[in-house]
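Undergrad: starting from these lines, generate the structure:
(one chain, ligands or ions: 1)
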Amino acid sequence: MYHSNDYVDFITNLANSSSTAADKEETRRRHAEFGIEEDCPVFRGLPEYTRLVAGATLTAVKTLTEGQADVAICWDGGRHHAQKARASGFCYVADCVLALLALKRVRVPSPDGTPPRRARVLYLDLDLHFADGVAQAFLHANAGGAAPTLVTLSLHHAAPGVFPAVPLAALSDADAPGADACTVCVPLARGTGNAAFARVWRGVERVRAALRPDFVVLQCGADGLAGDPCALWNWALGGEGGLGWCVDRVCNAWGCKTLLLGGGGYNSPNVARAWTYLTSIALRQPLSLDSDIPDHNAFPLYAPSFTLDVPAGNAQDQNTEEYLQTVETRLDRVAEIIRQRMGE
Ligand SMILES: [Zn+2]
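TA: Residues are numbered from 1 along each chain as shown. Predicted coordinates:
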């Protein structure tokens, strides 16, 4: 259980049958209290939807923890903005947080006969938007200088006016007073594409190597891909540093059990392309990006290419070499602190 009892009661019993003006005002007030407004509207089947999203992600977790799979997928999950007592950013249930809480409870047998140790978990978020709900849920969760069992790492775009506008979205400095080295936030500039991702990935790899996670939860929001209406990043699906390349590294090179979750993405044909391609990577049977889209009802939406690929556009990458160097230095420092706390 992560959400407050009041929020769970409210969201699972949503009914909109008020008739008088006074009732309507009270309903509006109650909805606003729990974030049910603006980009989190009431819709038909909302209580069931929240139960299904949470249940699907937790079922995927179970297949990993019970040894039925090395990679589990819930493309309807990845609702990384939901908060303890509030919906936010079209996220009504914090399935990422629920998955992490379940994985943190796992005990891993020790090879030398000593008592089982707590599982180590890495949450990595590739969505265009900051994973505020997840970062805030686990801020300072690794008490004192103890060996860390959970690290959250969000790669995202942050700028004035870009949702969610919270101070935690800024570039982490693990040495700043009051900082939590295990809550890692890396904003990337407009026009971020494969080259910037390939560069930042070196630091991501070092954090992963320091933590040696048993489980990785990878949020694969597709709103950073070129062609998304958010139009902030210029990321490609294929190629070195592309979304597919990152997911391939995690699923097929890191050697830990992996939960793939969905996330944002507002160009529906491109989201379908991305999650189809990522599924083929997880299956170790990667589709060719030249593959033709099969004929189906939505086929015309895949014009003009009618192929699987989501190539980069022409936007210029506004990350400077100096900034990318700073990111690498900060991630190296996180890796160093993790290693120190693990007694290495
Ligand atoms: Zn997003």
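
Undergrad: list the contacts of the residue in the stretch 201-344 of the chain positioned nearest to the ion.
TA: The minimum distance from the stretch 201-344 of the chain to the ion, using C-beta to the ion, falls at G264 (2.5 Å). In short, each C-beta sits where N, CA and C put it, glycine included. Counting by C-beta atoms under 8 Å, 6 or more residues apart in numbering, G264 makes contact with 127-129, 221-223, 230.

Undergrad: buried members of these into ChimeraX, please.
TA: Per 16 or more other C-beta atoms under 10 Å, the buried members of these correspond to this ChimeraX selection:
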select :127,128,129,221,222,223,230
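
Undergrad: quick one: is stretch 131-145 near the ion?
TA: No. Shown here: stretch 131-145 not in contact with the ion (C-beta under 5 Å from the ion), separated by at least 9.1 Å.

Undergrad: quick one: buried residues of the helix-or-strand element of the chain with minimal mean pLDDT?
TA: Within the chain, no helix or strand scores below helix 21-33, which has a mean of 85 by mean pLDDT, DSSP states H and E. Within helix 21-33, the residues that count as buried by 16+ other C-beta under 10 Å are 27, 31.

Undergrad: same deal with stretch 166-179?
TA: Those would be 168-169, 172, 174, for stretch 166-179 by 16+ other C-beta under 10 Å.

Undergrad: residues in a beta bridge with K257, which ones?
TA: Note on K257: beta-bridge partners by DSSP bridges are F215.

Undergrad: from the middle of its chain, how far away would the helix or strand that comes right after the least confident helix or strand of the chain be?
TA: Next helix or strand after helix 21-33 toward the C-terminus (DSSP states H and E): helix 46-65. Relative to its parent chain, helix 46-65 has a centroid offset of 15 Å by C-alpha atoms, centre = their mean, to the nearest Å.

Undergrad: contacts for helix 46-65?
TA: So helix 46-65 is contacted by 11-14, 43, 68-70, 72-74, 76-77, 79, 92-93, 95-96, 98-99, 102-103, 106, 215, 257-259, 261 (C-beta under 8 Å, 6+ apart).

Undergrad: now do the contacts for the closest residue to A141 other than its chain neighbours.
TA: Once flanking residues are discounted, A141 sits nearest to L150: 6.0 Å by C-beta to C-beta, 6 or more residues apart in numbering. L150 is in contact with 100, 104, 120-123, 138, 141-142, 182, counting by C-beta under 8 Å, 6+ apart.

Undergrad: burial of R117, as a residue count?
TA: Neighbour count for R117, taken as other C-beta atoms under 10 Å: 14.

Undergrad: give the bridge partners for it, please.
TA: Going by DSSP bridges, R117 is paired in beta bridges with V108.

Undergrad: ok, now which ones touch S268?
TA: Applying C-beta under 8 Å, 6+ apart, the residues contacting S268 are 298, 301.

Undergrad: re earlier: what is the nearest of the buried residues of stretch 166-179 to the ion?
TA: Checking the buried residues of stretch 166-179 against the ion with C-beta to the ion, the nearest one is A169 at 12.3 Å.

Undergrad: thought the closest one was touching A131?
TA: No. At 9.2 Å, A169 and A131 do not qualify as touching, with contact defined as C-beta atoms under 8 Å.

Undergrad: if anything else comes up later, I'll come back, but that's it for now.
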